[in-house]
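>>> next one to model:
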Amino acid sequence: MAESYDPPEVWAPFGAFSMAVLQGEGQVVHLKGQVALDRAGAVVGEGDMQAQVRQVLENVQTVLASLGGRLSDVVSLVHYTTDIEAFMTSGAVRKAFFAPPYPVTTTIEVARLYRPELLVEITAVAEIPRDRFRRPPEARPMHG
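Take a look at the predicted model:
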């Protein structure tokens, strides 16, 4: 049974989505696409792709940490960016968060994100080992 989870350490969902979906015994975790919002929901790094990628990856890291996960548990990333050329300059930022072996990655240029000042959204899938995984008490069944 899948469960949804919204950790209090990141911005609160404002639409029809969850921050993470836990699958099975909690080893596989699907994260909602993260954008460059701080905990209060304010945009970080307006006009600065590298600053936004950094904030997005910090958000991914925070959601995973709340479940006992690490960035090294990420197996897949999908990047949505409004400027692929600017995004390609953020490789050093990504390397500060990930080490080999890197997760599989897909990068897609889009016309825009839900707020025009946002330049990038990244979604992730992670597999957290059972001995580290912490099932949050706030997780609730998605189907019933």
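>>> just confirm residue 20 contacts residue 7, I think it does.
Yes. Residue 20 is within contact range of residue 7, at 7.4 Å (criterion: Cβ atoms under 8 Å). Yep, even glycine has a C-beta here, placed from its N, CA and C like the rest.
>>> shared neighbours of the two, anything?
Contact with both residue 20 and residue 7 is made by residues 63, 67, according to Cβ atoms under 8 Å, 6 or more residues apart in numbering.
>>> so the two - more neighbours on which side?
For residue 20 versus residue 7, neighbours defined as other Cβ atoms under 10 Å are more numerous around residue 20 (25 against 17).
>>> list the contacts of the more buried one.
4-7, 29-32, 63, 67.
>>> show me what it is bridged to.
Beta-bridge partners recorded for residue 20 (DSSP bridges): residue 5, residue 31.
>>> sorry, back to before: and the least confident of the contacts of residue 20?
Ranked by pLDDT, the contacts of residue 20 bottom out at residue 4, which scores 74.
>>> spit out the contact partners of that one.
Contact analysis of residue 4 by Cβ under 8 Å, 6+ apart lists 18, 20-22, 139-140, 142.
>>> go again with 7 Å.
By Cβ atoms under 7 Å, 6 or more residues apart in numbering, the contact set of residue 4 is 18, 21, 139-140, 142.
>>> contact partners of the top helix by length along the chain?
Scanning the chain for the longest helix, with DSSP state H as the assignment, gives helix 49-65. With Cβ under 7 Å, 6+ apart as the test, helix 49-65 has contacts from 7, 9-10, 19-20, 31, 34-36, 44-45, 70-71, 73, 83, 86-87, 89-90, 93-94, 97, 119-120, 122, 124, 126.
>>> any quick ChimeraX command for the buried ones out of these?
Burial among the contacts of helix 49-65 is assessed by 16 or more other Cβ atoms under 10 Å; the matching ChimeraX selection reads:
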select :7,10,19,20,31,34,35,36,44,45,71,73,86,87,90,93,94,97,119,120,122,124,126
